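1. Predicted model, plus sequence, below.
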Amino acid sequence: MISTALTDLWYGFGVALEPHNVMWCFVGVLIGNMVGVLPGMGPLATISILLPLTFGIKPVGAILMLAGVFYGAQYGGAICSILLNLPCHPPHAVTCLDGFPLTKQGRGGAALGVTVISSFVGASWGITEMIFLSPILVKVALEFGPAEICSLMLLGLLAGSTLARGSPLKGVAMTLLGLLIGIIGSDIDTGSPRFTFGIPNLYDGVEIVALALGLFGIAEFMKSVNQINVVETKYTKVRLSDLKPTRDELRRSWPAMFRGTLVGSLCSLIPGTGPTIASFIAYATEKKISKTPEKFGTGMIEGVASPEAATHSSVQGDFIPTMSLGIPGDAVMALILGALLIQGIIPGPQLIREHPDIFWGLVASFWIGNIMLVLLNVPMIGIWVKLLAIPYKYLYPSALFFACIGVYSANNDMFQVGETVVIGLVGYILLLLDFHPAPILLGFVLGPRFEENFRRAMLISRGDILVFLKHPISLAFISVSVLLIVMQVYLRLRKPKMLADEKALDAAIDKVAPAEP
Amino acid sequence: MFAEQLKKRDFYAGGLIVLLGVAVALNAYNNYNLGSLTQMGPGMFPMMLGIALTFVGLLILGTALVTEHDPAETILPEQREWRGWACILAGPLLFIFLGQYLGMAAGTFGCVFVSALGDRTATVKSSAILAAIVTVFGCLLFAYVLKLAFPIFKWGY
């Protein structure tokens, strides 16, 4: 088992080290790192803009690049938090608490140095997990029939919408809305158009790029316009030599890093609890077991090392259910899955066997990309810091143009740009009503496959809806789903304090980046 | 009593979802073939979704009705950026019209110029400079490097 995994990994390195793949990976992490630093831009909007541009390149290169944007942005986001006290990216919001005080004490460079090390440690663990866990998951999942796949998707959708941030009920509503948007277009069996309002441009369905850029581009810009102040760049002079942590700081960071990594990898296994929740849990754990909990918030290096390691181990771990089962845990993963679909690759347990180059190439590229990021971040820290000063008023109009032309280039169709504007307006109204748009994308991507498998399961069982409870594996998934709902109801009725904490956390994150998961 | 309810955000949130759910379920029932459970027609799945949406919407509405109204809760944000919102929506619309009739350069300029005006501190001059820079850069990148099928200049449809 271990030896086959290692042989496959070796093969993956062969794929990932092909010159053009190395190039795409580099482009991805570079752009990711850049948007991570820029206040007000997130990986979701960036991946959506880049998505149509990847239609022309080979599937492996496209996926390596888009994935690179995602984990590259995590490296950049930390710079923003530590040096500016600006939590532009929710997973790094908690890093501000101790990172910025360190900056004020003149130890910002060291905090960044520790961040780079923790990120690498966390990411490495996440990748290792993916190497050994995915083949096992696939082995189990290959036995699944339509009923099992259906129940598993139901569980994934439910977890993705209830465990993510915000009200669980509203999350479910958004998932259903996403499933509904996925229905627009021609029916798979009969070919008759559904919910197209007689518009021929909608017969092929809503374009995923238009949906993503409407929700995470236009709606997001409407939310942030005039809300992001010019940043204070007083503390942002960091040179290469400042990055070196002292011996004592390093000694205190190591255990925190490993604890954070563990928390992150546990969180990544539960769909819906992405890097943001992982980093908050890691910080809380660190504070709880510390001998001096009162010092947290005044510049404890552990408070930087642990959440950063958790974020990165969770970011890499998020790829496990996406790549091995075809069930994305959050909106970014849904987009990556969408990219696979556009390239004509059907995600699911058969992916590793049918496209080993994509799977193992991706895994190997994670390591290559993370090493690139360490190399990019250490000597070039001065350049990244300069990017922090770009004002939002120049950023969003340019991003809006990239969004327009990105949507247009997907099908050379102006209609879809209009589609994006409408979705953006609706998305902003949903934001005002306190709905989180991330589950929409989840439902949208899984919708067609969910319906197809549901219909097939019904056909095989001759219309017996109880088939989902008759197959033992399917029954297990349904039971866990029911358990999830019961747990949510119980928490809401019996533990109002936990609920209040959660609400406060949500409000804190909402201030900075409402749409990002 | 009822006026109090009208101030709650979740009142509208739940109401919207219920309306959507009912509309979808009715539409699916009336316009599409439902089929049977064994042989599902195109209308069955949407109708199930519509019913589920209605149910979830009613739950949101119900929670809104029983929770106390928080006076600090507003539906529109404190600062209403009507100008910003209008400019951000107008930018892409201009991109569509100018792009369709005059080509990529005009579309890009119009989009960036108008949306940049949405910022409170922006002036006509600063927006025009930004728009010019993005136009030059964007046209070079998309027309020459990425070879997008979108003429830089044209006249008419």
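-> Happy to help now that I have it. Computed from a predicted structure; not experimentally measured.
2. Pull the contacting residues for residue 53.
-> Chain wasn't specified; assuming chain A. With contacts defined as CB atoms under 8 Å, 6 or more residues apart in numbering or on different chains, residue A:53 is in contact with A:406, A:409, B:146. Just so you know, the C-beta spots here come from the backbone N, C-alpha and C atoms, and that holds for glycine as well.
3. my bad, the chain I had in mind was chain B
-> Residue B:53 makes contacts with A:173, A:176, A:177, A:180, B:17, B:18, B:20, B:21, B:24, B:25, as judged by CB under 8 Å, 6+ apart.
4. burial of the third one, as a residue count?
-> Look at residue A:177: counted by other CB atoms under 10 Å in any protein chain shown, it has 25 neighbours.
5. Could you find the closest non-adjacent residue to it?
-> Distances taken as CB to CB, 6 or more residues apart in numbering or on different chains place residue A:440 nearest to residue A:177, at 5.6 Å, with adjacent residues excluded.
6. related to what we said a few turns ago, just give me the least confident of the contacts of residue A:53.
-> Across the set of the contacts of residue A:53, residue B:146 stands lowest in pLDDT, at 78.
7. From residue A:174, how far out is that one?
-> Residue B:146 sits 34 Å away from residue A:174, going by CB to CB, to the nearest Å.
8. So for stretch A:278-287, mean pLDDT?
-> 86.
9. pLDDT at the residue positioned nearest the centre of chain B, what is it?
-> In chain B, the residue lying closest to the centroid (CA atoms, centre = their mean) is residue B:89, at 8.7 Å. Note on residue B:89: pLDDT of 92.
10. Repeat that for residue A:516.
-> What the model reports for residue A:516 is a pLDDT of 46.
11. Quick one: list the elements packing against the lengthiest helix in chain A.
-> Looking across chain A with DSSP state H, the single longest helix is helix A:108-141. On a contact count with 3 or more CB pairs under 8 Å, 6 or more residues apart in numbering or on different chains; DSSP states H and E, helix A:108-141 meets helix A:2-16, helix A:59-84, helix A:95-104, helix A:247-269, helix A:302-317, helix A:319-325, helix A:351-354, helix A:356-377.
12. gap between that helix and the chain center?
-> 14 Å (CA atoms, centre = their mean, to the nearest Å).
13. Confirm for me that residue A:402 is in contact with residue A:49.
-> Yes - distance between residue A:402 and residue A:49: 4.9 Å, which falls inside the contact criterion (CB atoms under 8 Å).
14. and the two? which has more neighbours close in?
-> Remark: of residue A:402 and residue A:49, residue A:49 carries more neighbours, 27 against 21, as counted by other CB under 10 Å.
15. got a list of what that one touches?
-> With the criterion set at CB under 8 Å, 6+ apart, residue A:49 makes contact with A:213, A:217, A:399, A:402, A:403, A:406.
16. Could you measure from the spatially closest residue to it that is not a sequence neighbour over to residue A:210?
-> Leaving aside its chain neighbours, residue A:49 sits nearest to residue A:406 (4.3 Å; criterion: CB to CB, 6+ apart). Look at residue A:406 and residue A:210: by CB to CB, they are 9 Å apart.
17. Name the residue in those two with the higher neighbour count.
-> Shown here are residue A:406 and residue A:210; by other CB under 10 Å, residue A:210 has more neighbours (29 against 25).
18. what's the residue lying farthest from the centre of chain B in contact with, if anything?
-> Using CA atoms, centre = their mean, the residue of chain B lying farthest from its centre is residue B:38. It sits 37.4 Å away. Taking CB under 8 Å, 6+ apart as the contact definition, residue B:38 lies against A:458, A:459, A:462, A:463.
19. domains for chain B, by residue range?
-> If you go by automatic domain parsing, the domain ranges for chain B are B:2-66, B:82-145.
20. just the ones you listed: most buried one?
-> Compared across the domains of chain B, domain B:82-145 shows the largest average neighbour count, a mean of 19 (mean count of other CB atoms under 10 Å in any protein chain shown).
21. Look up how far residue A:426 lies from the residue in the stretch 201-350 of chain A that chain B sits nearest to.
-> With CB to the nearest CB as the measure, residue A:225 is the residue of the stretch 201-350 of chain A nearest to chain B, at 3.7 Å. Using CB to CB, we find residue A:225 at a distance of 18 Å from residue A:426.
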